[in-house]
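Asks: mind looking at a prediction? Sequence and model below.
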Amino acid sequence: MSSSQINESDIDRLLARLNEGVSDPCRLLSLNEPRRNAILSYTDVQACPGSGKTTLIGLKLMLLLHTWPDAYSGICVLTHSNAGIAEIVSRVGSDLAGSKLLSYPHFIGTIQDFADTFLALPYARSREWDVHLADESEFASFVESANVWNFRVHDRNADKKYLFSTYFRQNKINPALFSLEHKNGQLTVNTDFISCVHELIDLKKSGYDEDHFLKVRLQLCKRGLFMYSEMYELAKQAVASNAELLPALRSRFKVAILDEMQDTQRQQDDLLNLVFPPNECTIQRFGDPDQSIFDAIGGGLPNTTYNDAPLHCITESHRFIPSVASILASLSYRRIGPFTGLRLPLADGPQNTIFLFEDSSIGSVLPAFAKLALTLPTEHRRVIKAVGGIGKTATATGLTLPSYWAAFNSKMQSSSFRARSLCDAARFYTRAGDGDVAIRYQALQVAVLEWMRRAGRQYTTRSGKAVFFNRATLNFYLKENDKSLAFGELMNSLLSEGFPPEDRWLGTVEKLRCLLELGELNEKAAEFAAYDPSLDEQVLSAEAPENSNVYHSPDGVQVALATIHSVKGETHDATLVCETKYSHWYDIQEMAEFLCNPDAVRPLPDYAHPRSRETNRVAFMKRLFVAMSRPRYLVCLAMKKSHLTEAQRAQLRDGAGWAIEDLTVAPSSEEPIRPS
């Protein structure tokens, strides 16, 4: 039998071993037919929210690694974030067979890690380029400030010559566009940049051609700053420059497992399909296209080879009760419903409710939701959230989260947390429980960087320059020294096992100190990493009043407000989805026809016109699906009364099982919030 094949008896033996000694029937691992089929085959999988996708991937990896025979060829596991890696490692790392994933010949990392490690960075080293990665803003500043633009060009409109740098200063050309692009087997300058140049400048009269700009870009390459996206272009050039590279990678990795595929952008997907073509390689992709709300971030095009392909669907969720599951099918862009909610419903639990308001009654929305959430049993209303698509302050004609709660500040979301010490970061994010793992991981990493700065730890570039570490250089250092997995394990131990006791804390900090080569700690660094025995409850009570993004009802219900993007990956007890306005359209109003009729013709995106109504309706559908699939027990909507017709209200109430509460005619018994 091939090393990539798994049979039913393999699954049964693994489950029996993992369930040994488990006395609580609710904690026993079991796999129904769709989940077993996902493990037995290499068919691409769409797993609905709360379906246990990461656990499924972990089980498959354990089974593969248990009998993996090859000492020189391994498994490649790729996902989108370091937090995703931490989640997978937490599933397999404690298993003797699964722990093999953390060492050669296997590889686990982000798509960016893979592109950098095996393709882009080796190619850059072959060109003697010292690589430091930057975001778009930092890269644009670097390009604009470089002393390479002091040449004159002939302006088409003015019919006179200007210094080229003028076009950056006057915002006529975006310096962030001056990036590398792989085209026709070679590196060239970004097509959009060249198009801007031709639109504004007559190159023939200027005495230059397109090759001049490539020479300038290659000159800047020697200075070493690149955008993250450029690594994919270098990776493609590496493949084009070395015919032996692809066969070597496919020989090294006999199996590839890709997670969170729905958010893979087309640029990334093109590279993955180049390296691991599905018709030639053993590859399996997991994700949920219904939740693809990050795939077009930054203007990149979404992938189509996964998000639009036929997929093996898992529609049973352990997260929510049947009444929540029943309303999600109408917002499944892929139409994979109906969904099955496996969580037991509460006796006499509240009904999913739509709150109707107008401008004069919007202040009653949060009190009404809090009053309804109060009917949940105390043990089932620990995480109550109100979410919306837009977090910035609204204009006079807009509708955003601050319209519901004037104190809301998107910059004060948990992603903006800054720890006072390493211990503070660990405490805050182990306390966050169901919060977004990616946010918690990032904050702890920021605290580690501050610890390194206090310790005086610097990174020496190939040119001999010493600089303090940032996230990019830390990741590069860890990869360059084969420390990424060890670092991830230590970080994960702080995040996944609860706030550590002092002995485990001291042991973990010592391992981190050695791994990061901090040497003997000075007083500032030692103080920052010291164990703090302060009671968690004291810190929580001290910080709570400072959080302007929490509404405190008179009955003691706390409703945390957040944007939809920031809660992806979270689980709540109750969730209120607040209608917001983007451009000319209100998101819930645009989705009302689907809430009323799950068979309504779905919108089709036009990515050539990203601001069109239909493209935005696709985005609205996926955002609302993410938002409405967060809660275990109660999902509510808040929308303008004028955005639902009488017929739609009747259909939602009588056909879809919603309760309708009209806040414009029946004021809440609690004092409404007066928007400032």
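Replies: Arrived safely, thanks for sending. Because the structure is predicted, anything quoted here is derived from the model rather than measured. Numbers count the residues shown, from 1 in each chain.

Asks: so how far is the host helix or strand of Val559 from its chain's centroid?
Replies: Using DSSP states H and E, Val559 falls within strand 558-563. The chain centre lies 19 Å from the centre of strand 558-563; the measure is CA atoms, centre = their mean, to the nearest Å.

Asks: do the same with stretch 517-526
Replies: 33 Å.

Asks: could you chop the chain up by domain?
Replies: 8-118+243-314, 136-227, 322-410+549-662, 422-541 (automatic domain parsing).

Asks: format these as JSON lines; extra columns: mean neighbour count, mean pLDDT and distance to Arg125.
Replies: No exception for glycine: its C-beta is placed from N, CA and C like everyone else's. What follows is these, written out as JSON lines (neighbours: other CB atoms under 10 Å; pLDDT from 0 to 100; distance: least, CB to CB, whole Å):
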{"stretch": "domain 8-118+243-314", "mean neighbour count": "18", "mean pLDDT": "88", "distance to Arg125": "11"}
{"stretch": "domain 136-227", "mean neighbour count": "16", "mean pLDDT": "94", "distance to Arg125": "12"}
{"stretch": "domain 322-410+549-662", "mean neighbour count": "19", "mean pLDDT": "93", "distance to Arg125": "35"}
{"stretch": "domain 422-541", "mean neighbour count": "17", "mean pLDDT": "74", "distance to Arg125": "9"}
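
Asks: find the nearest non-adjacent residue to Pro289, please.
Replies: Asn307 (4.2 Å; CB to CB, 6 or more residues apart in numbering).

Asks: quick check: phi and psi at that neighbour.
Replies: phi -60, psi -30 (degrees, to the nearest 10).

Asks: now swap in Leu133 and tell me
Replies: Dihedral angles (degrees, to the nearest 10) for Leu133: phi -90, psi 140.

Asks: quick one: contacts for the nearest residue to Leu102 once chain neighbours are set aside?
Replies: Nearest non-adjacent residue to Leu102, counting by CB to CB, 6+ apart: Leu485, 4.6 Å away. Applying CB atoms under 8 Å, 6 or more residues apart in numbering to Leu485 gives the contacts 89, 102-103, 108.

Asks: mind checking the SS state of Trp68?
Replies: For Trp68, the secondary-structure state derived from DSSP: H, G, I helix; E, B strand; the rest coil is coil.

Asks: how close does it sit to Gln5?
Replies: Separation of Trp68 from Gln5 (CB to CB, to the nearest Å) stands at 12 Å.

Asks: now swap in Ser41 and tell me
Replies: 10 Å.

Asks: format the domains of the chain as JSON lines; extra columns: distance to Lys236.
Replies: Shown next, in JSON lines, are the domains of the chain (distance: least, CB to CB, whole Å):
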{"stretch": "domain 8-118+243-314", "distance to Lys236": "6"}
{"stretch": "domain 136-227", "distance to Lys236": "4"}
{"stretch": "domain 322-410+549-662", "distance to Lys236": "21"}
{"stretch": "domain 422-541", "distance to Lys236": "20"}
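
Asks: nearest to Leu234, of these?
Replies: domain 136-227 (7.0 Å; CB to CB).

Asks: okay, now that closest one: how far is its last residue from its first?
Replies: Domain 136-227 has its terminal residues 6 Å apart, counting by CA to CA, to the nearest Å.

Asks: isn't there a helix covering Tyr72?
Replies: No. Under three-state DSSP, Tyr72 sits outside any helix and is assigned coil.

Asks: so it sits against Pro105, correct?
Replies: Yes. Tyr72 lies in contact with Pro105 (CB atoms under 8 Å); the separation is 5.6 Å.

Asks: which pair of the contacts of Leu485 spans the longest distance?
Replies: Farthest apart among those - using CB to CB - are Val89 and Ser103, which lie 12.0 Å from each other.

Asks: now do the shared contacts for Tyr72 and Pro105.
Replies: Counting by CB under 8 Å, 6+ apart, the residues touching both Tyr72 and Pro105 are Arg252.

Asks: let's verify His609: helix, strand, or coil?
Replies: coil.

Asks: please name the nearest non-neighbouring residue to it.
Replies: Thr615 (6.4 Å).

Asks: so which strand or helix has the one you found?
Replies: helix 613-628.

Asks: that helix packs against which elements?
Replies: helix 322-328, helix 564-567, strand 572-578, strand 585-586, helix 587-596 (3 or more CB pairs under 8 Å, 6 or more residues apart in numbering; DSSP states H and E).

Asks: output the second one as PDB - backbone C-alpha positions only.
Replies: I take that to be helix 564-567. Once non-C-alpha atoms are left out, helix 564-567 reads as follows in PDB (Å, rounded to 0.1, in the frame of the first residue of the first chain):
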ATOM      1  CA  ILE A 564     -17.000  41.000  11.000                       C
ATOM      2  CA  HIS A 565     -13.500  40.500   9.600                       C
ATOM      3  CA  SER A 566     -12.000  40.600  13.200                       C
ATOM      4  CA  VAL A 567     -14.300  37.800  14.500                       C
END
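
Asks: can you give me how far it is from the chain middle?
Replies: 9 Å.

Asks: for it, packing partners?
Replies: By 3+ CB pairs under 8 Å, 6+ apart, helix 564-567 packs against strand 384-388, helix 613-628.

Asks: paired strands for the helix or strand following the longest one, with orientation please.
Replies: Right, the one you point to is helix 613-628. Once the chain leaves helix 613-628, the next helix or strand it forms, by DSSP H and E, is strand 631-640. Under the criterion DSSP bridges, strand 631-640 sits next to strand 353-357 (parallel), strand 572-578 (parallel) in its sheet.

Asks: now the helices for the stretch 51-200 of the chain?
Replies: Ranges of helices in the stretch 51-200 of the chain, per DSSP state H, counting those that start in this stretch, are 53-66, 82-92, 111-115, 121-126, 136-145, 165-169, 191-200.

Asks: try the stretch 351-500 of the chain
Replies: 365-373, 401-404, 422-431, 437-454, 471-480, 484-496.
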